[in-house]
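[1] Sharing a sequence plus its predicted fold:
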Amino acid sequence: MWSLLRLSTLSFAMIMLAGCSEPRIDTSSMPAAVVSVEKVRDSLPPYKRDEFDQALTIMAMSSFNGIDILNPRPMNAAEIAESANAYMHGLTGDEAIEKANELLRNRRARERSQALGILSRLEEKQANAEHDRKQRAQVTLDSADFYMSTSPYGALEPIIELDVTNGSDQRISELSLRGIVSSPGLDAPWVDETFYYVIPGGLAPGESAQWRLAPNRFGPWGNREIPDDAQFDVTIEGLHDAEGKPLWDATPLSERQRERLDELREEYGDMAASSSKLEGPSQGP
């Protein structure tokens, strides 16, 4: 009798536990999903219901590519059930909240990894551009002059005179230059053009040279209205080596890239620095 009574008590307790088990989300059909989501929500304490709603939204939006789950938009039960079956089927309210937190952690980890990768690439590009700028700066324009001269045939022709020193360790075969001729108070320069000069025999490291160039007199350089006191500015825009290949031509960051780099440094700079210290230089045995 005692055994029968004990068995009956255990059976009753199991039935009661089964009856009190937490409701779970059922996404086997649209009606079941809508009803079960509401049941699961109602089973939670009031202070957890907003968190549950947010969790469902995060799981639903995670099923769409390109949607920011860190800033989810409100969605109704039908949208949630249709878009996130795989994420939420069979979950209790607490499990749904934990699942959403896991998705957020994974998403943030991916975003950090992507951001650190972009930060590294932008810093490398900036460093390369600065290195190449310093290398280009070793080839100097010691003097530059622009004026009109009378040719043997009596025609006015433009003349550019340049004194250049190659302070780099590379033989220079060609220069790309930008010349600007302007006057104070003039809205636009008389001339703003890029031109090239192929150096006969090249310019060896440590060597200086003087050149007298004659740009096209039928173009902007030959404008007879350019006054004698016009200002002439010229910069070296590019260089080529003895093989004719571009030298030190890494481009600087654009304004948008600089802004992005500043943003990433502010948000992830400490993390990137810590990562670099952990990696450190490789040590020999």
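    Perfect, I can see it now.
[2] mind checking the longest helix of this structure?
    Counting residues, the longest helix in the chain under DSSP state H turns out to be helix 93-136.
[3] after it comes which helix or strand?
    The C-terminal neighbour of helix 93-136 among helices and strands, as given by DSSP states H and E, is strand 139-150.
[4] so what strands line up beside that following strand?
    strand 156-166 (antiparallel) (DSSP bridges).
[5] Name the residues that touch the strand it pairs with?
    Counting contacts by CB atoms under 8 Å, 6 or more residues apart in numbering, the residues outside strand 156-166 that touch it are 138-151, 172, 175, 177, 179, 197, 203-215, 217, 221-222, 224, 232, 234. (Each C-beta comes from the backbone N, C-alpha and C, glycine too.)
[6] Drop anything exposed from these.
    For the contacts of strand 156-166, a neighbour count by 16 or more other CB atoms under 10 Å gives the buried set as 139, 144, 146, 172, 175, 177, 179, 203, 209, 215, 217, 221-222, 232, 234.
[7] CA atoms of stretch 44-51 as PDB?
    Extracted in PDB, the C-alpha atoms of stretch 44-51 (Å, rounded to 0.1, in the frame of the first residue of the first chain):
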ATOM      1  CA  LEU A  44       7.400  36.100 -18.100                       C
ATOM      2  CA  PRO A  45       7.500  38.600 -15.200                       C
ATOM      3  CA  PRO A  46       6.400  42.100 -16.300                       C
ATOM      4  CA  TYR A  47      10.000  43.400 -16.000                       C
ATOM      5  CA  LYS A  48      11.300  40.900 -18.500                       C
ATOM      6  CA  ARG A  49       8.700  41.400 -21.200                       C
ATOM      7  CA  ASP A  50      10.300  44.400 -22.900                       C
ATOM      8  CA  GLU A  51      13.600  42.500 -22.900                       C
END
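[8] Give me the buried positions along that stretch.
    In stretch 44-51, residues buried by neighbour count (16+ other CB under 10 Å) are L44.
[9] Now tell me which of the buried ones among the contacts of strand 156-166 the prediction trusts least.
    Scanning the buried ones among the contacts of strand 156-166 for pLDDT, the smallest score is found at R217, 89.
[10] my guess is R112 meets L264, correct?
    No - taking CB atoms under 8 Å as the contact criterion, R112 and L264 are not neighbours in contact, 10.6 Å apart.
[11] what are the ranges of the helices in the chain?
    According to DSSP H, the helices that the chain contains are 2-19, 30-43, 46-62, 77-83, 85-88, 93-136, 255-279.
[12] And the average pLDDT for the fourth one is what?
    Helix 77-83 carries an average pLDDT of 56.
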